[in-house]
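Q: Got a predicted structure plus its sequence, pasted below:
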Amino acid sequence: MKRITVTESNDSVWNGPQDPRKPANWSFARKWTIVVTTSLATFIVSLGSSIFSAAIPFVQAEFGVSSHVALLGISLYVLGFAFGPMVWGPASELYGKTRPLWIGYFFFCLLHIPCALATQISVVLVFRFLIGLAGSSMLAILGGMYVDFLLHPTERGISTAVFSAATFSGPSLGPIVGNIVATRWGWRFTIWATMVGAAVFGMLAFLSTPETSEVVIARRKARKVYKDTGNESILRQLPEETPNTSIFCQVYLAKPIRMICQEPILIFMTIYMSVVYGIIYTTFTMYPIAFTSYRGWPSVQASLPFLGILVGVLLACCMLAYHNIYYIPLLMRQTEVHVPERRLVPMILGSASFGSPGPPTHLYHGYLRRALVF
């Protein structure tokens with residue numbers, strides 16, 4: 001079957017550039033409902049990565065494994081975050097945003113069931129990896145989805161702040177929620193609780209989020225008109241082949257690999273983000289040792305220091321939103337154009353503050369874990 005696609009200026013599909021069916025013309029309420037609900041769903045995905053840290057001592061006791069093996073439940077989940085976007089991102093370019101987004105999220109919810117019912121540590125670890133792999137569809141697709149309907153640079157910057165707050169607040173709250181749940185109902189309920197939260201917030205996001213890719217929407221509308229009327233005047237034939245698995249694997253899956261090999265800025269940013277994520281997730285094992293093993297705090301109280309990370313995340317996101325609300329529009333009024341590099345200011349400040357006091361702070365914390373035992 002030949003591929004049928006729409007011309008951009010076809011009035012039989014769109015009623016002009018101000019057509020309210022176009023994502024860019026949706027109402028303010030609809031746009032930001034999508035941003036908020038999908039960010040909440042992403043919050044659960046990221047929370048699931050660290051909530052397992054509370055289950056580690058229980059997993060060790062039940063399955064008779066070392067702490068190093070139990071910690072793989074966190075490591076493999078995050079490893080799924082690394083590999084999943086290499087599939088979900090290219091899929092969203094070819095098939096639209098919502099289809100791969102909700103396929104991934106559906107399996108993210110579903111795979112919690114065998115993980116919670118597992119009777120062997122190997123099953124737990126395999127499904128933790130698969131859960132992270134499936135849940136990463138939210139991390140990979142939502143940034144591009146927001147660009148589809150948020151056109152102004154300020155709107156895009158604020159949506160980035162909201163999404164970032166959800167993404168990084170989840171790992172900070174995970175150990176706290178996990179310890180409360182695990183001490184009262186057992187470690188398996190940390191998995192059940194994540195699944196329930198994912199189902200609730202995922203349903204809200206699913207009901208609020210239609211397809212946002214204008215090209216995909218137009219293609220679907222044109223095919224419907226063609227099917228109903230047989231009118232080929234609104235269509236034109238393209239030489240490309242119909243999108244299929246072969247094209248997806250040969251063309252789209254290769255894009256991330258080509259980009260990371262050919263774009264130096266992407267290489268450096270990837271390495272930097274890997275270091276940041278590595279340090280954040282190291283605290284999930286470092287804090288329990290420092291506050292539970294050395295200071296003898298109960299597990300719930302020992303997880304409260306993660307609130308410091310949460311406060312830092314929220315302050316950084318507020319700064320990012322402020323920068324986009326006031327600084328970016330001011331420069332746009334002066335130059336009448338938006339320069340993407342202007343967004344680097346908060347990142348530079350954050351990198352400098354992370355790089356200068358960061359290592360000494362961790363050294364100080366490592367020293368105090370022995371010096372101030374109370």
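A: Arrived safely, thanks for sending. Residues are numbered from 1 along each chain as shown.
Q: CA atoms only: put stretch 90-103 into PDB for me.
A: These are the backbone C-alpha positions of stretch 90-103, laid out as PDB (Å, rounded to 0.1, in the frame of the first residue of the first chain):
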ATOM      1  CA  PRO A  90      12.800   7.600  17.300                       C
ATOM      2  CA  ALA A  91       9.400   5.900  17.400                       C
ATOM      3  CA  SER A  92       7.800   9.200  18.300                       C
ATOM      4  CA  GLU A  93       9.200  10.800  15.200                       C
ATOM      5  CA  LEU A  94       7.800   8.100  12.900                       C
ATOM      6  CA  TYR A  95       4.500   7.200  14.600                       C
ATOM      7  CA  GLY A  96       3.500  10.300  16.500                       C
ATOM      8  CA  LYS A  97       3.900  11.100  20.200                       C
ATOM      9  CA  THR A  98       1.000   9.400  21.900                       C
ATOM     10  CA  ARG A  99       1.300   5.900  20.500                       C
ATOM     11  CA  PRO A 100       4.800   5.100  21.800                       C
ATOM     12  CA  LEU A 101       4.200   7.200  24.900                       C
ATOM     13  CA  TRP A 102       1.200   5.200  26.100                       C
ATOM     14  CA  ILE A 103       2.500   1.800  24.900                       C
END
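Q: Now do that stretch: everything it contacts.
A: Contact with stretch 90-103 is made by 88, 137-138, 140-142, 144-145, 148, 206, 209-213, 216, 243, 247-248, 252-253, 255-256, as judged by C-beta atoms under 8 Å, 6 or more residues apart in numbering. (Each C-beta comes from the backbone N, C-alpha and C, glycine too.)
Q: repeat that for 7 Å
A: 88, 137-138, 141, 144-145, 148, 206, 209-213, 216, 243, 248, 252-253, 255-256 (C-beta atoms under 7 Å, 6 or more residues apart in numbering).
Q: Buried residues, it. List them.
A: Under the neighbour-count criterion of 16 or more other C-beta atoms under 10 Å, stretch 90-103 has 90-102 buried.
Q: residues touching F149, list them.
A: If you count contacts by C-beta under 7 Å, 6+ apart, F149 has them with P23, A24, W26, K31, T212.
Q: And the closest residue to it other than its chain neighbours, how far from W102?
A: Nearest non-adjacent residue to F149, counting by C-beta to C-beta, 6 or more residues apart in numbering: P23, 3.8 Å away. Per C-beta to C-beta, to the nearest Å, P23 is found 17 Å from W102.
Q: Let's see which of the contacts of stretch 90-103 end up in helices.
A: Among the contacts of stretch 90-103, the ones falling in helices (DSSP state H) are W88, S137, M138, I141, G144, M145, D148, F206, V216, K255, P256.
Q: Which of the residues you listed ranks first by neighbour count?
A: Neighbour counts for those (other C-beta atoms under 10 Å) peak at M138, which has 31 neighbours.
Q: which secondary element of this protein has the worst mean pLDDT?
A: Using mean pLDDT, DSSP states H and E, strand 4-6 stands out as the lowest-scoring helix or strand of the chain, at a mean of 41.
Q: residues contacting the residue nearest in space to the middle of the chain?
A: For the chain, the residue sitting closest to the mean C-alpha position, by C-alpha atoms, centre = their mean, is L139 at 2.3 Å. Residues in contact with L139 (C-beta under 7 Å, 6+ apart) are T42, F81, P85, T167.
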